[in-house]
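[1] what shape does this take:
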Amino acid sequence: MSKKIILSHIVAVSKNNVIGAKGKLPWDIPEDLKYFFSKTKNKVLIMGRKTFESLGKALPHRLNVVLSSRSDWTAKGAVVFSNFEKALDYAKKDEIMRKYGTEIFIGGGGEIYKQTLPLMDKLYITRIHKAYEGDAFYPPAPFSQFKEISRIDRMEPVPFSFLVYEKIKNPALS
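    The predicted structure follows:
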């Protein structure tokens, strides 16, 4: 019997949809990093190669899954796949789900978010209420297909909100 998996984006996004600048976060919000680490701890975390390289190493206490089109690329402490479908098939294996649960997080970057957005069940968005310069962006999300289930507003060091959205289930399709 197969368990229902939950696919989730986790991302910090500026007012103008920037998520990165030159391989780094353009802001310094320690509470957001703690939020990211707490939500993805003991879970599968899928990310692109550039995002993984920006972290500098595999994150502890989670299964680091990296997507790379470079067939010779390897990463200490991570498993590497050439595309999202192969990574997802791996993450859905019974032994992986027993160890890491049924929620699978996508942690960037911009292209990975764009490719996977239509598949998402949940969105964990730290919305930073300020515009930043950057070169990596979060794609326009179809918020009409989601409902906000949680919101926590903060003012320091800049105004931001922790938002959680769930995809609205269509009863006609259930």
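
[2] buried ones in the helix ranked longest in the chain?
    In the chain, assigned by DSSP state H, the helix with the most residues is helix 30-40. Within helix 30-40, the residues that count as buried by 16 or more other CB atoms under 10 Å are D32, Y35, F36, K39, T40. All C-beta spots, glycine's among them, are computed from the backbone N, C-alpha and C.

[3] so Y90 sits in a helix?
    Yes. Assigned with DSSP: H, G, I helix; E, B strand; the rest coil, Y90 falls within a helix.

[4] what packs against the helix-or-strand element of the chain with minimal mean pLDDT?
    Least confident element among the helices and strands of the chain, by mean pLDDT, DSSP states H and E: helix 49-55 (a mean of 93). Contacts defined by 3 or more CB pairs under 8 Å, 6 or more residues apart in numbering; DSSP states H and E place helix 49-55 against strand 63-67.

[5] can I get the helix or strand following the strand it packs on as PDB, trimmed to CA atoms?
    Next along the chain after strand 63-67, taking DSSP states H and E as the criterion, comes strand 78-81. Only the C-alpha atoms of strand 78-81 are listed here, as PDB (Å, rounded to 0.1, in the frame of the first residue of the first chain):
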ATOM      1  CA  ALA A  78      24.100  13.900  -1.100                       C
ATOM      2  CA  VAL A  79      22.500  11.700  -3.800                       C
ATOM      3  CA  VAL A  80      22.500  13.200  -7.300                       C
ATOM      4  CA  PHE A  81      20.000  12.700 -10.100                       C
END
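
[6] partners of strand 78-81 in the sheet?
    strand 63-67 (parallel) (DSSP bridges).

[7] show me where this structure has helices.
    Secondary structure of the chain by DSSP H: the helices cover 30-40, 49-55, 84-91, 94-100, 110-116.

[8] how about the CA coordinates for the least confident helix or strand of the chain, as PDB?
    Extracted as PDB, the C-alpha positions of helix 49-55 are listed here (Å, rounded to 0.1, in the frame of the first residue of the first chain):
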ATOM      1  CA  ARG A  49      23.300  21.900  -8.000                       C
ATOM      2  CA  LYS A  50      23.800  25.600  -7.700                       C
ATOM      3  CA  THR A  51      21.700  25.800  -4.600                       C
ATOM      4  CA  PHE A  52      23.600  22.900  -3.100                       C
ATOM      5  CA  GLU A  53      27.000  24.600  -3.900                       C
ATOM      6  CA  SER A  54      25.800  27.800  -2.300                       C
ATOM      7  CA  LEU A  55      25.200  25.900   0.900                       C
END
